[in-house]
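Engineer: Sequence and predicted structure are below.
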Amino acid sequence: MISNQILQNTIEGLKAIARVELCVMDVDGKEVASTAAGMENCSAAAVEFVSSAADSQEIQGYQYFKIFDELQLEYILIAGGAGEDVYMVGKMVAFQIQGLLIAYKERFDKDNFIKNLLLDNLLLVDIYSRAKKLHIQTDGKRVVMIIETENGKDSNVLELMRTYYGNNSKDFITAVDENNVIVVKDLSEGDSGKEIDKTARSAEAYLLKEGMKNIRISFGTTVNEIKEVSRSYKEAKMALDVGKIFFGERDIVAYSELGIGRLIYQLPIPLCKMFIKEIFGGKSPDDFDEETLTTINKFFENSLNVSETSRQLFIHRNTLVYRLDKLQKSTGLDLRVFEDAITFKIALMVVKYMKYMETFEY
């Protein structure tokens, strides 16, 4: 169904061209859009016109037209004034609105199909038959992007993205919940991973310009068939969540960049708790003081290089060694040993994941 705002914008634009007052009413005589005050007085005549057999009629100096959606009467158009010119303008406006109905219905059908495709609500045979009916290419390269903003459901991100991507019939912009906008991006031009990232950054820049805040964008891997689009969507969804846990400083995250975080995200919480208890006993990394945590993080950043870490921390090498020895005594893990360092790093990531899940639950 066309929104009232679209109808209002349409008849205002046509009035500016034809200089004829226009009003659109529903079949109950309720005004939907109008270019002039007072045309609601035509309501009773519009209801009578609905019951008539005529498709157009002049009533009390106004021209009335029926607008159908296939065989269903959808709207009554009223053109202000009598005469051949007003009649011709009214016929053209009615034709334009009927064309809009068809276009928006087709877009609605495509939108419904894409939503069900993303959510795995279609059988394989239905995917291909409906795609063919809707003239959607089945074997094109695509990637799914998810866009999340601070504004959430109160924003107009969906319409902004539809405006941004314009009338490209190969891209699909939709939403399956109140928080995120989903872009099924066509990659028939052979976009690489870098180009996808560039596309995401361009979309982010556009939204920032439109006043959106705290934008996060994630995307899955490239798929070659329409039946695989749901997989790219699931990957993008995971990338959005994992990105919040382990890559909080990044606003654009690709599924292919998640690394070990992707594995940790799929672990059950009881198993995580058991693992942490085995590594730290009754302690938690949160119990470490800020100095120790800074030392650990910097040591990992510098690939376990003692000299470079001590230089960046502005401390003597022996001081760093002392801190690492102290950490080894409390945890039993020597970060200078690769295997222990991996265990410790994973444990820190698991704790991050557990904390995120706790806040998410509450």
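Structural biologist: Yep, it's here. Residues are numbered from 1 along each chain as shown.
Engineer: contacts, neighbours, all on C-alpha from now
Structural biologist: OK.
Engineer: sec struct for the closest residue to Phe172 other than its chain neighbours, please.
Structural biologist: Leaving aside its sequence neighbours, Phe172 sits nearest to Val184 (C-alpha to C-alpha, 6 or more residues apart in numbering; 5.0 Å). For Val184, the assignment made with DSSP: H, G, I helix; E, B strand; the rest coil gives strand.
Engineer: give me the element Phe275 is part of.
Structural biologist: helix 269-280 (DSSP states H and E).
Engineer: hang on, the earlier thing: so what sits opposite the residue nearest to Phe172 in the bridge?
Structural biologist: Judged by DSSP bridges, the bridge partners of Val184 are Val144, Phe172.
Engineer: For it, grab the count of nearby residues.
Structural biologist: Other residues within reach of Val184, judged by other C-alpha atoms under 10 Å, total 22.
Engineer: Check Phe49 too.
Structural biologist: By other C-alpha under 10 Å, neighbour count at Phe49 equals 22.
Engineer: Contact partners for it?
Structural biologist: 57, 64 (C-alpha atoms under 8 Å, 6 or more residues apart in numbering).
Engineer: Next, work out how far apart it and Phe65 are.
Structural biologist: 9 Å (C-alpha to C-alpha, to the nearest Å).
Engineer: Give the intersection of the neighbour lists for the two.
Structural biologist: By C-alpha under 8 Å, 6+ apart, the residues touching both Phe49 and Phe65 are Gln57.
Engineer: just to revisit the earlier point, help me confirm that the residue nearest to Phe172 comes into contact with Gly140.
Structural biologist: No: the pair Val184 and Gly140 fails to qualify as a contact (C-alpha atoms under 8 Å) at a distance of 11.4 Å.
Engineer: What segments of this structure are strands?
Structural biologist: Taking DSSP state E as the criterion, the chain contains strands spanning 22-25, 31-34, 56-59, 62-69, 72-80, 142-148, 172-174, 180-186, 216-219, 252-254.
Engineer: Could you pull up the mean pLDDT of the fifth one?
Structural biologist: This points to strand 72-80. Mean pLDDT, strand 72-80: 90.
Engineer: sorry, back to before: any residues touching the helix holding Phe275, and which ones?
Structural biologist: 283-284, 331, 347, 350-351, 354.
Engineer: what residue ranges in this structure are flagged as low confidence?
Structural biologist: Along the chain, segments meeting pLDDT under 70 span 1, 81-84, 106, 151-155, 167-169, 190-193, 282, 286, 360-362.
Engineer: which ones are touching Lys115?
Structural biologist: 174-176.
Engineer: Any figure for the gap between it and Phe49?
Structural biologist: 39 Å.
Engineer: Roughly how far does the residue positioned nearest the centre of the chain sit from Lys194?
Structural biologist: With distances taken as C-alpha atoms, centre = their mean, Val181 lies nearest the centre of the chain, 1.6 Å away. Shown here: Val181 relative to Lys194, a distance of 21 Å by C-alpha to C-alpha.
Engineer: do the same with Leu187
Structural biologist: 12 Å.
Engineer: and what of Lys91?
Structural biologist: Relative to Lys194, and taking C-alpha to C-alpha, Lys91 is found at 50 Å.
Engineer: same thing with Ala46?
Structural biologist: Applying C-alpha to C-alpha to Ala46 and Lys194 gives a distance of 57 Å.
Engineer: And these two? Which one has more around it.
Structural biologist: A direct count of neighbours by other C-alpha under 10 Å for Ala46 and Lys194 places Ala46 higher, at 27 against 9.
Engineer: Spit out the contact partners of the more buried one.
Structural biologist: Ala46 touches 25, 27, 29, 64, 76, counting by C-alpha under 8 Å, 6+ apart.
Engineer: can you pull the contacts of Val253?
Structural biologist: Here Val253 is in contact with 217-219, 239-240, 243, 247 (criterion: C-alpha under 8 Å, 6+ apart).
Engineer: Out of these, flag the one nearest to Gln266.
Structural biologist: Nearest to Gln266 among those: Ala239, at 12.1 Å, using C-alpha to C-alpha.
Engineer: Just give me the neighbour total for the spatially closest residue to the closest one that is not a sequence neighbour.
Structural biologist: In space, and not counting its chain neighbours, Ala239 is closest to Tyr255: 5.0 Å by C-alpha to C-alpha, 6+ apart. Neighbour count for Tyr255, taken as other C-alpha under 10 Å: 21.
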